[in-house]
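Colleague: Next come a sequence and a model predicted from it.
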Amino acid sequence: MARIVGGLATSHVPAIGKAIAKGLQHDPYWKPFFAGFDAVYPWLAHIRPDLVVMIYNDHGLNFFLDKLPTFAVGAAEEYRNADEGWGLPVMPPFPGDAAFSWHLIESLVADDFDITMCQEMLVDHAVAIPMQLLWPGGKAWPVNMVPVAINTVQHPLPSAARCLKLGRAIGWAIESYPEDMSVLVVGTGGLSHQLDGRRAGFVNKPFDLMCLDKLVEEPEALTIYSIPELVERSGSQGVELLNWLAMRGALTGRVSWAHSNYHIPISNTAAGLLVLDHRPRSGTRPRDVAA
Amino acid sequence: MGDRYGIAGTTIFDGEQARKGYALNRMCFSFNDAENRAAFLANEEAYCAKFGLTAEQRAAVARRNVLEMIAAGGNVYYLAKLAGIFGLNVQDLGAQQTGTTVEAFKAKLVEAGR
């Protein structure tokens, strides 16, 4: 059976991609951000994932406002990155796992998540940058990747509670997959930031630090916030916290803190990194765990 | 509209904003394609006309004014693609929207991290 070997969440702003392209990892502005990943590489070498389930939000590359799914699951053999209009280098395609995707889709729909199924899906910086952060150096991607997109662009957005439940259903799907493989669940975006309006540049360190704390052992505590309350506290784009909550939801077993980093600013963003260890609950079928 | 949520300095991109901004956001979505970016630069007036921008949207684009584009229904993820044509990043947009210099905007963010 497939095993969930860990969870990780990281910011994904395009400026990170530009910094990588320019080799600025040791630049004084960027070092506090990139140094946060030093501990991630031995962790990845230890957990050795075969597959990443990447929970992210599209920013107008694959989905336009004409047809915008609340939740979408990739079911492609590979996922291409493409020009987003602001000069980021286009990454090589990411290999998918279509057999797993269809298992995930069947399991999610059985659990009453009415997702959109995508046999073609471009993936933007919100996938490409976390992949570059986890596997730097431009070599062939050493893992397969299945994207799950959550709408964080066009309100109304799904609630925090709904995204946590989506994550749980993703976790059950992974743990019921009969292939012997190790799966890492990644959530991308955040933490607090706002690009638009007179409040552009808003960040909220106390709220972010509270979220980083609650996400480890008490993610339910974050579901008390409505979407407008999340926007007020973490900014228009900080609401990407929904992707982190879904990642955390997928960790259905015993979760413990492995590593974290927090740094303000990168571009307009309070950057966060959270790495969580995960051990399945022995003797308990995943679906028996209270939702 | 998207200001009914009562969050200061923040317009939530809801259905009403999306309806109002559709033409502008659709034009900006086209800027994922380098040929379209070139076409916009070659003849901005014709390019905006092709997408049916409202007079308010057209004026906001002509003035390169982000707050006006948001008031006309623009979504910042799409507007960022337009800004990219002019070599502007989100920190340039932030400075413009908050009425300050880019250096002062960046300094404010550094201060927020202390």
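Modeller: Thanks, I have the structure now. On a predicted model such as this, the values are computed, not experimentally measured, just so you know. Numbers count the residues shown, from 1 in each chain, chains lettered A, B, ... in the order given.

Colleague: Now do stretch A:82-96, average pLDDT.
Modeller: For stretch A:82-96, mean pLDDT is 95.

Colleague: and stretch A:6-14, how far from the chain's centre?
Modeller: Between the centre of stretch A:6-14 and the centre of its host chain there is 6 Å, according to Cα atoms, centre = their mean, to the nearest Å.

Colleague: what about the chain, any weak spots by pLDDT?
Modeller: You didn't pick a chain, so chain A it is. For chain A, the stretches flagged by pLDDT under 70 are A:282-291.

Colleague: right idea, wrong chain: chain B
Modeller: Residue ranges of chain B with pLDDT under 70: B:1.

Colleague: and the most centrally placed residue in it, what does it touch?
Modeller: With distances taken as Cα atoms, centre = their mean, B:Leu79 lies nearest the centre of chain B, 3.3 Å away. With contact set as Cβ atoms under 8 Å, 6 or more residues apart in numbering or on different chains, B:Leu79 has these partners: A:196, B:28, B:66, B:69-70, B:93. Every C-beta, even on glycine, is put in place using the N, C-alpha and C of the backbone.

Colleague: Hmm, A:Trp43 is touching A:Val5, no?
Modeller: No - A:Trp43 is beyond contact range of A:Val5, at 9.9 Å (criterion: Cβ atoms under 8 Å).

Colleague: of the two, who's got more company?
Modeller: Using other Cβ atoms under 10 Å in any protein chain shown as the criterion, A:Trp43 and A:Val5 rank with A:Val5 on top: 22 against 18.

Colleague: Any residues of the stretch 51-200 of chain A in contact with chain B? List them.
Modeller: Residues of the stretch 51-200 of chain A found near chain B (Cβ under 8 Å from any Cβ of the partner chain) are A:59-61, A:64-66, A:82-87, A:153-156, A:194-200.

Colleague: re earlier: the residue nearest to the centre of chain B: which element?
Modeller: B:Leu79 is part of helix B:76-85 when elements are defined by DSSP states H and E.

Colleague: Run the chain-centre distance for that helix.
Modeller: Computed by Cα atoms, centre = their mean, the chain-centroid distance of helix B:76-85 equals 6 Å.

Colleague: Equivalent analysis for stretch A:208-227, please.
Modeller: 16 Å.

Colleague: Please export the C-alpha coordinates of that stretch as CSV.
Modeller: Output of stretch A:208-227 as CSV, limited to C-alpha atoms (Å, rounded to 0.1, in the frame of the first residue of the first chain):
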residue,chain,number,x,y,z
ASP,A,208,1.5,33.6,10.6
LEU,A,209,3.4,32.4,13.7
MET,A,210,0.1,31.3,15.2
CYS,A,211,-0.8,29.4,12.0
LEU,A,212,2.6,27.7,11.9
ASP,A,213,2.1,26.5,15.4
LYS,A,214,-1.6,25.3,15.0
LEU,A,215,-0.9,23.5,11.7
VAL,A,216,1.3,21.0,13.6
GLU,A,217,-1.1,19.6,16.1
GLU,A,218,-4.4,21.5,16.0
PRO,A,219,-5.2,22.5,12.4
GLU,A,220,-8.9,22.6,13.3
ALA,A,221,-8.3,25.7,15.3
LEU,A,222,-7.8,27.6,12.0
THR,A,223,-11.2,26.6,10.6
ILE,A,224,-12.9,29.1,12.9
TYR,A,225,-12.0,31.9,10.4
SER,A,226,-14.3,32.7,7.5
ILE,A,227,-12.7,33.5,4.2
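
Colleague: tell me which residues in that stretch are buried?
Modeller: In terms of neighbour count (16 or more other Cβ atoms under 10 Å in any protein chain shown), stretch A:208-227 has its buried residues at A:208, A:211-212, A:214-216, A:219, A:222-223, A:225, A:227.

Colleague: Stretch B:56-69 now?
Modeller: Across stretch B:56-69, burial judged by 16+ other Cβ under 10 Å covers B:57-58, B:60-61, B:66-69.

Colleague: Chain A next: which of the residues you listed are close?
Modeller: Counting by Cβ under 8 Å from any Cβ, the members of the buried residues of stretch B:56-69 near chain A are B:66-67.

Colleague: Contacts only, for the closest residue in space to A:Asp196 that isn't next to it in sequence.
Modeller: Once flanking residues are discounted, A:Asp196 sits nearest to B:Val76: 3.7 Å by Cβ to Cβ, 6 or more residues apart in numbering or on different chains. B:Val76 makes contacts with A:195-196, A:236-237, B:66, B:70, B:90, B:93, as judged by Cβ under 8 Å, 6+ apart.

Colleague: my read: A:Lys31 touches A:Gln25, true?
Modeller: Yes - assessed by Cβ under 8 Å, A:Lys31 is found in contact with A:Gln25 at 7.1 Å.

Colleague: Helices along chain B, start to end?
Modeller: Ranges of helices within chain B are B:15-30, B:34-42, B:44-50, B:55-62, B:66-71, B:76-85, B:90-98, B:102-112, based on DSSP state H.
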